[in-house]
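**Q** Dropping a prediction and its sequence here:
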Amino acid sequence: MTKLLLTSTGLATQNITDQFLQIINKPVSQIKIIFIPTASRSEEELKYVDESKKELLDLGISENNIKTLNLDSSVLFEEVEDFDVIYVCGGNTFYLLKKVRETGFDKVIIEFAKTDKLYFGVSAGSILVCPNIDIASPFDENDVNLTDLTGLNLTDVIVSPHYKNEEKAIIDDFKKKSQYEIVPLTDEQALLVVDGETKIVE
């Protein structure tokens with residue numbers, strides 16, 4: 001059963017946090033997380049990574065139970081199979097997809113998602129598991145010259161994180177061109193996907 005919780009900014013609300021804990025369904029002190037900060041390269045992005053990690057620690061998750069992978073070398077499924085959550089932070093979506101492919105972590109995520117565990121995305125980490133990452137084009141610079149924008153395809157909808165009303169025209173344009181449903185998410189919303197069924201959490 002595939003379980004995805006796709007957010008703009010992480011555990012932004014109590015409802016998102018409650019949903020997170022409900023899916024994992026074990027004492028907080030026992031929750032084990034694979035934490036991926038790879039998409040964040042600028043100082044500002046790294047500040048958000050620190051905030052994401054602090055949210056997890058504040059929840060009561062032990063620092064010893066959070067394993068950070070920077071995706072600077074190949075990753076095997078055996079390295080993550082004993083964990084409850086793969087948590088992928090935000091940053092540059094194009095760079096993230098490139099690094100995930102280069103390290104084989106794309107296959108690891110897909111395998112992990114089949115084992116009834118939780119994939120938790122923040123911003124770029126949320127877009128990553130959609131059918132493609134085209135939606136990032138107006139917002140992220142494709143400075144790694146990625147031409148194949150196929151995502152991990154764990155859901156058949158496309159999320160657009162950090163949605164604000166002034167982006168309506170951009171998103172409407174995408175909706176016209178895309179064969180997939182586009183789900184805009186504000187910073188206080190998340191999309192829960194359980195076996196293809198979707199629900200907005202806010």
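**A** That came through fine.

**Q** For residue 82, which non-adjacent residue is spatially closest?
**A** Excluding its sequence neighbours, the residue lying closest to residue 82 (CB to CB, 6 or more residues apart in numbering) is residue 32, at 6.7 Å. Heads up, the C-betas are built off the backbone N, CA and C, glycines and all.

**Q** List the contacts of the one you found.
**A** When the contact criterion is CB atoms under 8 Å, 6 or more residues apart in numbering, the partners of residue 32 are 65-67, 82-85.

**Q** Filter those down to just the ones in strands.
**A** The strands, defined by DSSP state E, take in 66-67, 85 from those.

**Q** which of these tops the neighbour count?
**A** Most neighbours among the ones in strands among the contacts of residue 32, by other CB atoms under 10 Å: residue 85, with 25 neighbours.

**Q** what bridges to it?
**A** Beta bridges link residue 85 to residue 33, residue 118, judged by DSSP bridges.

**Q** Next, find the distance separating it from residue 186.
**A** To residue 186, residue 85 is 23 Å away according to CB to CB, to the nearest Å.

**Q** got it, and residue 159?
**A** The spacing between residue 159 and residue 186, counted by CB to CB, is 11 Å.

**Q** which residues are in contact with stretch 144-152?
**A** The contact list for stretch 144-152 (CB under 8 Å, 6+ apart) reads 94-95, 97-98, 100, 106, 109-110, 127-134.

**Q** Apply 6 Å and report the result again.
**A** By CB atoms under 6 Å, 6 or more residues apart in numbering, the surrounding residues in contact with stretch 144-152 are 94-95, 98, 106, 109, 128-134.

**Q** Fine, thanks again, bye for now.
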